[in-house]
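Q: Got a sequence here, can you build the structure:
(2 chains)
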Amino acid sequence: MQQVRVRFAPSPTGPLHIGGVRTALYNYLFAKKNKGIFILRIEDTDQTRFVEGAEEYIMESLKWCGMKIDEGIIEGGNYGPYRQSDKKLQYRQYADMLMNNGDAYYAFDTPGKLEELRISAEREGNAFIYNASIRDNMRNSLSMPESKWKELLEKEEPYVIRYKMPLNEDVHCDDMIRGHIVVNTSTLDDKVLIKADGMPTYHLAHLVDDHLMKISHVIRGEEWLPSLPLHFLLYRSFGWEKPLFAHLPLLLKPDGKGKLSKRDGDKMGFPVFPLFWPYGETAKGYREEGYYPEAFVNMLALLGWNPGTEQEIFTMDELINAFSIERVHKSGSRFDPEKAKWFNHHYLQLRSNNELALEFRDYLRAQGYHHDIGDLEAIISLVKERVSFVKDIWRETDFFFKSPDVYDKEVIKKRWKPETPAQLLELKAFLDERDTFTPQITEQAVKGWIEKKEYNTGDVMNAFRLVIVGASRGPHLFDIISFIGKEETLMRIEKGIAVIGNKVQ
RNA sequence: GGUCCAUUCGUCUAGUGGCUAGGACGUCAGGUUUUCAUCCUGGUAACAGGGGUUCGAUUCCCCUAUGGACUACCA
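A: Residues are numbered from 1 along each chain as shown, chains lettered A, B, ... in the order given. Okay, the predicted model is just below:
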């Protein structure tokens, strides 16, 4: 069987969108599943849209996700160069092959003239299509006598090379996901193959490269489906064997309609890019927002594909094993940020307390707190299952590090009785006399004390929690006071009574 | 406008010519937790509409509607 070789071929025009990451992922999964080769090719034939840093961003994104590139601009390989601009004008000879067999021609129409015709056609409700219906009226090597266009060539008049679309022919295409598609050439136009600057367009460049790189399967976004007939025709004109094609459905915005965009992410508070993009108009990234790559990849893989079982949690190896292109969906999927969080919650639970403590320590340092790893592990073990992100740990544990600044008004209203200050003062004295402060022993003692005093357990405990935590939240209270220690506990009781005590009634 | 593609709970989806149309996220309720959260249990909720074909269609065909992509010397 033929070696499976697939490529991910982005343009370095900015940060890589998660839709692009998913395309890369499906290529990667397909390659690895079939013991094939995963290639990264940079498609930068449009020099005006090149963005500094984009190539590095793309490669770092793939690396973060755990996709290893087999052949690429850094990795090398036997089918380079892997950056189209490094081939510069080599594509021209392939256009000339088409010129020689009559499937392409020179066109000298200026962009301004074409634009003018396009606008006037639109005004009459028609589409402007540069094809057999109109090309005899245009300035090209088909409509002009040979002596005339050769003269223009000699005078170095700017020109493009266009593909000569056959007249009224049904083109039959096959797609591994969509099945059979038939399009008549009368609706297609004579696409530009070589631009006036001598560079190839996508249609020529990707096809030549796919052929030269021995690509076996082209797995790309649905936006390419309309030009699939053109690509089929080009393969025929070249006399080359075609790869197999698979067009992936789009990633849609969570609400409403349409393609997922950066604006949606900004508006609804979730990233649309894998990594933070630092240039120009910056963009948030999953990595920096605290997502784990396993969660991100797992979530992305299931957006538009599933194995047909009820399994939802997959490691990369499990994804590779389960993946099949036939089970990729036809219709677009809406992106659900809530489910992305759920995946991260799951993967965070798999982390050890020590791993999380290390991550959390970095976060704390940024806040100006410095703590022993052992202490952080202890705290994290108490709140781990309630957080989805490392940054959430702070929100759940701030009271371990500092006494409360404010006290929840609702809790005061509900639990702060006239007798509360006196009771807490008694509790403070009771605690003051205790030597051990371990959670279990202290809990037993305090509960015994409340019972003996015949106080209302709920009132006392909640008021106690209020002065320690500042609100009605957090892990077991006795775990908290054990961690902060006796001195701090007594201090917080005193402070709480002082601040809240005179606010009531 | 034209061409092409798509359509199962709010979302991601499973599934079949005859099933109580399944799971997950969300949401709601109950339980656990003396708090909050987690967790557990349960509930809610879908075959876009209309025609066919058929003994029978969510499933096959057609039409409509809706959504999307493309329609550049961008990819």
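Q: Could you use CA atoms for every contact and neighbour count after this?
A: Noted.
Q: Tell me how far stretch A:324-334 lies from the chain's centre.
A: 17 Å (Cα atoms, centre = their mean, to the nearest Å).
Q: again but with stretch A:30-42, I slipped
A: Computed by Cα atoms, centre = their mean, the separation of stretch A:30-42 from the middle of its chain amounts to 20 Å.
Q: what do you get for stretch A:377-390?
A: From the chain centre to the centre of stretch A:377-390 is a distance of 26 Å (Cα atoms, centre = their mean).
Q: and it, average pLDDT?
A: Averaged across stretch A:377-390, the pLDDT comes to 95.
Q: Show me the shaky parts of the stretch 301-450 of chain A.
A: Within the stretch 301-450 of chain A, no range satisfies pLDDT under 70.
Q: Find the closest residue to RNA strand B in it.
A: A:G304 (3.0 Å; Cα to the nearest atom of the strand).
Q: ok, and the closest non-adjacent residue to that residue?
A: Leaving aside its sequence neighbours, A:G304 sits nearest to A:H329 (Cα to Cα, 6 or more residues apart in numbering; 5.3 Å).
Q: Report how many residues lie close to the one you found.
A: 18 (other Cα atoms under 10 Å).
Q: Checking my notes, A:W64 in a helix, right?
A: Yes: the assignment for A:W64 is a helix, going by DSSP: H, G, I helix; E, B strand; the rest coil.
Q: For the closest residue to it other than its chain neighbours, list the residues it contacts.
A: Using Cα to Cα, 6+ apart and skipping the chain neighbours, the partner closest in space to A:W64 is A:P293 (6.4 Å). Counting by Cα atoms under 8 Å, 6 or more residues apart in numbering, A:P293 touches A:W64, A:C65, A:G66, A:R287.
Q: ok, now how distant is A:P293 from A:A463?
A: Counting by Cα to Cα, to the nearest Å, the gap from A:P293 to A:A463 is 42 Å.
Q: Any idea which residue of the stretch 401-505 of chain A lies closest to RNA strand B?
A: Minimum separation of the stretch 401-505 of chain A from RNA strand B (Cα to the nearest atom of the strand) falls at A:R473, amounting to 3.0 Å.
Q: My impression was that that residue belongs to a strand - is that right?
A: No: A:R473 sits outside any strand when classified using three-state DSSP, being coil.
Q: Do I have it right that the residue of the stretch 301-450 of chain A closest to RNA strand B meets A:V328?
A: Yes: with contact defined as Cα atoms under 8 Å, A:G304 counts as touching A:V328 (5.8 Å).
Q: out of those two, which sits in the busier spot?
A: More crowded of A:G304 and A:V328, by other Cα under 10 Å: A:V328, with 23 against 19.
Q: Bridging across strands, which residues link to that one?
A: A:W305 (DSSP bridges).
Q: Quick one: residues contacting it.
A: By Cα under 8 Å, 6+ apart, the contact set of A:V328 is A:I177, A:L248, A:G304, A:W305, A:N306.
Q: Quick check: pLDDT value at the first one.
A: A:I177 is assigned 94 on the pLDDT scale.
Q: Need phi/psi at the nearest residue to it once chain neighbours are set aside.
A: Once flanking residues are discounted, A:I177 sits nearest to A:A246: 5.6 Å by Cα to Cα, 6+ apart. Listed backbone geometry of A:A246 is phi -140, psi 120, with angles given as degrees, to the nearest 10.
Q: was I right about A:A246 contacting A:W224?
A: No: A:A246 is not in contact with A:W224 according to Cα under 8 Å; the separation is 10.0 Å.
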